[in-house]
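> 3D model of this:
(chains A and B)
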Amino acid sequence: MPKIKKFLFTNGPLLATILIFIVVYIIGGQLYPAMKKPQVFVNLFINNASLLIVSIGMTLVVLMGGIDLSVSGMIALTSVATAALLQLNVHPILVMLLMLIMGIILGSAMGCIIHYLKVEAFVVTLMGLFFARGMAFVISRTSITISDELYRYLALTKIPIPFFDNAGIYIPTLVGIVLLIIVYVISRFSYFGRTVFAIGNNEQSALLMGMPVARTKIMVYSISGFCSALAGIVFSISLLSGFGGYAQSMEMDAIASVVIGGTALTGGQGNVIGTLFGVLINGTIVSILQLNGTLTSWWTRIGVGILTLIFIGVQSLFYIRKKRT
Amino acid sequence: MKRNSEKKVSFFTKFRKSRIFWPLIALVIILIFDGIYAPGFFKIGIVEGHLYGNIIDVINNGAPLILVAIGMTMVIATNGVDLSVGAVIAISAAMGAVLINPALGNELISNEILTQNISHTPLPLIVLANLGAGTACGLFNGFLVSRAKIQPMVATLILMVAGRGLAQLITNGQIMTIYYTPYFWFGNGFVLGIPVAVYIVIAVVIAATLLVRKTSIGLFVESVGVNAKSTYYSGISEKNIKLIAYTFSGFCAAIAGLILSSYAHSADANNIGLNYELDAILSVVIGGTLMAGGRFSLIASVIGALVIRTFTITMYTVGVPANALMAAKAVLVLLVILLYSDQSRRMINKLFERGKRKKESTDA
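Numbering: from 1, shown residues only, chains lettered A, B, ... in the order given. Below you'll find the model as predicted:
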C-alpha cells in the first residue's frame, strides 16, 4: 500500500494529465463522432508537430527553473530564413543545417547572457522573441512560398499506418516523436539530465555540489534554441512558406503544454512524457473547437489561458501537499 | 575660486549619480542625431491655434506609452512585470468602441446606423467602462500574483495571450470604427494649443508622484521589491502592495487604451497597443529602475518613455520599417540592462573618478 501511495505521489501530475487527456478525448468523441476516426487522432500529432518539438525544449528549460519566451520568434525567423535561402537555390540540406546552427547559436547566446550577466531569463528571452521576429521581417516583409523539391516531398509524402485504413502520417511528424524519446532518455538516465533537475530544485546547492551549472544552463538554452529551429523547419515544411508573423503566441501554447503536462513552473519537478500529453490535450481542445464550428478562433486563446491557469492552481496545491508529507 | 569649482564638481557628481542623468543623456544624444540627420525635426508651427511639429508629436503620441510606463514602473519596482499591458489596452479600447456602437443591441444593423455621429451610451459611462475594464484586468493580474503566488511573468503572460482573445470577443472579432466625435477629444483634442493627452499624462504623473512620495505607499513598494519576506515580517501587507501595483498598471493601460482608440478612431483587437509591453519595459529600464525591483523613479520612467518615442519617430523619419525597429529595440533593451548592471556601473564610475583624479593631479 505505501508503495502504491508513493507511486501515485511521484507520478500524480503525469497520471492526472493522461487521465484528463483520455476523458477530454472521449467527451469529444461523444460530441463529435468524427473524432472517433483514427485519422483525426493521428491529426493531433500532425497538426501539433512543431508545438510538440518546441514544448520538449521548453520542458527542459522549465525543469531547470528558467523560461524561454523566444520560441515563437525563432520559428518565424527560421521559416522566413529557410524560404529566403531556398529562393536563392541553396541546397535544402544545407539550409536545414544552417537553421539548426542558427538556433543553437541564438539559444546559447541567450543562455550566456542569462548566466554570466545575471539578467532575468524572461527579459532576455522576451528580447530574443522581439529580436527574432524583427529580424524575420527584416529578411522579408511578405510571405515567401517554398517550391523546393525536397521540401515538397517531405511535406506531401504520406506514410500509411499499419492496421488502420485511411490513416497516415507525414515524415516531419515523426521528428517530434523521435526527439521526445531521445530527450526522455537523456533527462532520466544521464548526468546532464540529473544536473538539470538539480539546478531546478536549487541552483545554489547544485553549484556547491560541484555540478557544472554554467555549462548545463547554457546547454539547456541551446537545446531549446535547437528545438525551436527544428520546429521552425517542420513548420515551414508543413506550410511550405515563410513569414515573420507565423506561430504567433506559440510560446504561450508551449508553456501551457508543459504546465498541463505536470512540470512545475518553479522547476525541478516534471516529465517530458507529460509534455506530450499536454500538447495532445491542447490539440484536442483546438480540434473540438474546430469541429464545433460556431466557436471562433479567439476562444482557443481564452480556453488555453484558462486551462493553464487551472493547472497552475492544481499544481501548486499538489506540490504544497507533497512538501507537507 | 577653488571652492567655487569644487561646488560645481559636487553638483555635477550629484547630477551624474541622480536617476534622470542617463535617460536625459540618451534623449540629448537622439535629439542631436535628429538635428544633424533630420532637419526640420525641431520645427514647431501653429495651425488653427494648435501647436504642431515632430516634438509635439513625440509628446502627443508618447502619452499612452508614458502612462503605461508609469504603471509598469510600479509593477517592476515590486520585483514583478506586467506583460499584459498591450492586451489590456486592446480590451479597454474594445470596450469603448462597443459601447459607442449605435447599433449595440439592435437586430437590424445597417451602415447608416453604424456611421452615425451618435453614441449608444453616454460618454462618461463609456470612459468609466474603459477604465473599469482595464482596472479589472489589473486586479485579476494582482490576484494571480499576490494571492495565487504565480510568478508575475507567467500570470501576466496568460492575460497577454487571452486578453487579445477577450478583446476580440468583445468586438465580435471585428475592427470597430468609431464615428462619435466627442470621443475623439481624448486623443485629438487641444486645450490652449496643447493636446488633451498631455494634460491627462501630467495629471496622472502628478497624482502618482503625490501618491508614492507623499504617502508611504512608495516606500512600501520599494521595500517589497527589495525583500518581500522582510517586508511581510515588518508588518506590511506585501500582498496588498502587489495587488495595488498591478491594479494601478491595469488602470494606466486602460487610460492608454482610451487615448489610443480615440486617436485612431477605431479599436482593432489584434493590433492596438501592439508591443507596448516591450516599449514600456524599455522605458522603465532606461529610467534606471532595476528589473529586480527596489528603488524607482516615475519621472525617470517618463523621460525613458520620451526617449523611446523620440527614438521611434527618429527611426521612422530616417526610414526604418516598423517591424525591423522591433529587433533594434530588443537589442537596445538588452544593452541598457547590461549597462545598468552592477559590474558595468562600477566600471563607469571608476572611469569618471580616474579622470577626476588625473585632473586634480594636473591642477596641482
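
> secondary structure element for residue 155?
Here I'm looking at chain A. A:Ala155 is part of helix A:149-156, with elements assigned from DSSP states H and E.

> oops, chain B please
Element membership of B:Ala155 [criterion: DSSP H and E] is helix B:152-170.

> Okay, now the sheet partners of the helix or strand just after that helix, with direction.
Later in the chain than helix B:152-170, the nearest helix or strand by DSSP H and E is strand B:176-177. Sheet pairing here is set by DSSP bridges, and for strand B:176-177 it gives strand B:266-267 (antiparallel).

> Show me the contact partners of the partner strand.
With contacts defined as Cβ atoms under 8 Å, 6 or more residues apart in numbering or on different chains, strand B:266-267 is touched by B:90, B:93-94, B:96-98, B:167, B:171, B:175-178, B:261. Yep, even glycine has a C-beta here, placed from its N, CA and C like the rest.

> One more: stretch B:161-176?
With Cβ under 8 Å, 6+ apart as the test, stretch B:161-176 has contacts from A:249, A:252, A:296, A:298-302, A:304-306, B:84, B:86-88, B:90-91, B:93-95, B:97-98, B:101, B:137, B:266-270.

> rerun that using 7 Å as the cut-off
By Cβ atoms under 7 Å, 6 or more residues apart in numbering or on different chains, the residues outside stretch B:161-176 that reach it are A:249, A:252, A:296, A:298, A:301-302, A:305, B:84, B:87-88, B:90-91, B:94-95, B:97-98, B:101, B:137, B:266-270.

> Which of these are buried, as a ChimeraX select command?
Selection of buried members from those for ChimeraX, criterion 16 or more other Cβ atoms under 10 Å in any protein chain shown:
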select /A:249,252,298,301,302,305 /B:84,87,88,90,91,94,95,97,98,101,137,266,267,268,269
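
> Sitting in strands, which of the contacts of stretch B:161-176 do you find?
B:266-267 (DSSP state E).

> A:Thr125 is in contact with A:Ile113, correct?
No. Assessed by Cβ atoms under 7 Å, A:Ile113 is found out of contact with A:Thr125, at 9.6 Å.

> Looking at these two, which has the bigger crowd around it?
Taking other Cβ atoms under 10 Å in any protein chain shown, A:Ile113 and A:Thr125 do not tie; A:Thr125 has more neighbours (30 against 22).

> Helix B:152-170 and the one helix or strand that one maps to, what's the angle between them?
Using DSSP H and E, A:Thr125 sits within helix A:121-139. Helix A:121-139 and helix B:152-170 are oriented at 50 degrees to each other (axes from the mean of the first three to the mean of the last three Cα atoms, to 10 degrees).

> can you list contacts of helix A:121-139?
Counting by Cβ under 7 Å, 6+ apart, A:66-70, A:72-74, A:76-77, A:80-81, A:84, A:106, A:110, A:113-114, A:244, A:251, B:153, B:278, B:291, B:323-324, B:326-327, B:329-331, B:333-334, B:337 sit against helix A:121-139.

> so how far is A:Tyr170 from the residue of chain A found nearest chain B?
Residue of chain A nearest chain B, by Cβ to the nearest Cβ: A:Gly134 (2.6 Å). Between A:Gly134 and A:Tyr170 the computed distance is 31 Å (Cβ to Cβ, to the nearest Å).

> more crowded one of the two?
Here A:Gly134 and A:Tyr170 are set side by side on neighbour count (other Cβ under 10 Å), and the busier one is A:Gly134, at 24 against 20.

> Check what pLDDT that one gets.
pLDDT recorded at A:Gly134 is 87.

> Now the closest residue to it other than its chain neighbours: phi and psi?
Excluding its sequence neighbours, the residue lying closest to A:Gly134 (Cβ to Cβ, 6 or more residues apart in numbering or on different chains) is B:Ala327, at 2.6 Å. Main-chain dihedrals, B:Ala327, degrees, to the nearest 10: phi -60, psi -40.

> what's around B:Ala327, how many residues?
Neighbours of B:Ala327 (other Cβ under 10 Å): 21.

> doesn't A:Thr82 make contact with A:Ser140?
No. A:Ser140 is not in contact with A:Thr82 according to Cβ under 7 Å; the separation is 11.2 Å.

> can you pull the contacts of the closest residue to chain A within chain B?
When you check chain B against chain A by Cβ to the nearest Cβ, the closest residue turns out to be B:Ala327, at 2.6 Å. Applying Cβ under 7 Å, 6+ apart to B:Ala327 gives the contacts A:130-131, A:134-135, A:138.

> switch the cut-off to 10 Å
Residues in contact with B:Ala327, defined by Cβ atoms under 10 Å, 6 or more residues apart in numbering or on different chains, are A:73, A:77, A:127, A:130-138.

> Same check on B:Met95?
By Cβ under 10 Å, 6+ apart, B:Met95 lies in contact with B:126, B:128-134, B:166-167, B:170-171, B:254, B:257-258, B:261, B:267.

> ok, and the closest non-adjacent residue to it?
B:Met95's closest residue in space is B:Ala133 (Cβ to Cβ, 6+ apart), at 4.4 Å.

> Could you pull out the strands in the chain for me?
Reading this off chain A. Ranges of strands in chain A, per DSSP E, are A:144-145, A:158-160, A:168-170, A:241-242.

> should've been chain B
Under the criterion DSSP E, chain B carries strands at the ranges B:44-47, B:50-53, B:176-177, B:190-191, B:194-195, B:266-267.

> Any regions of the stretch 51-200 of chain B where pLDDT drops low?
Scanning the stretch 51-200 of chain B for pLDDT under 70 picks out B:51-52, B:102-120.

> Return the residues of it in contact with chain A.
Within reach of chain A by Cβ under 10 Å from any Cβ of the partner chain, the stretch 51-200 of chain B has these residues: B:79, B:81, B:83, B:144, B:148-155, B:157-173.

> Derive a PyMOL selection command for the buried subset of these.
PyMOL command restricting those to the buried ones, with burial defined by 16+ other Cβ under 10 Å:
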select buried, chain B and resi 79+81+83+144+150+151+152+153+154+155+157+158+159+160+161+162+163+164+165+166+167+168+169+170+171
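
> Poorly predicted segments of chain A, please.
For chain A (pLDDT under 70), the answer is A:1, A:9-10, A:165, A:293-297, A:316-325.

> residue nearest the centroid of it?
What sits nearest the mean C-alpha location of chain A, by Cα atoms, centre = their mean, is A:Ser55, with 1.5 Å.

> Just give me the neighbour total for residue 28.
Using chain A here. Around A:Gly28 there are 20 other residues, counting by other Cβ under 10 Å.

> Please refer instead to chain B.
Using other Cβ under 10 Å, B:Val28 has 11 other residues around it.

> and if you look at B:Ile281?
B:Ile281: 26 surrounding residues under other Cβ under 10 Å.

> What of the one 10 residues further on?
By other Cβ under 10 Å, the residues close to B:Met291 number 20.

> who's in contact with it?
A:119-120, A:122-123, B:76, B:79-81, B:281, B:284-285, B:333, B:337, B:340-341.

> can you rerun that using 6 Å?
Taking Cβ atoms under 6 Å, 6 or more residues apart in numbering or on different chains, we find B:Met291 in contact with A:120, A:123.

> List phi and psi for it.
phi -60, psi -20.

> Same question for the one 5 residues further on.
For B:Phe296, the backbone dihedrals are phi -140, psi 160 (criterion: degrees, to the nearest 10).

> All good on my end, thank you.
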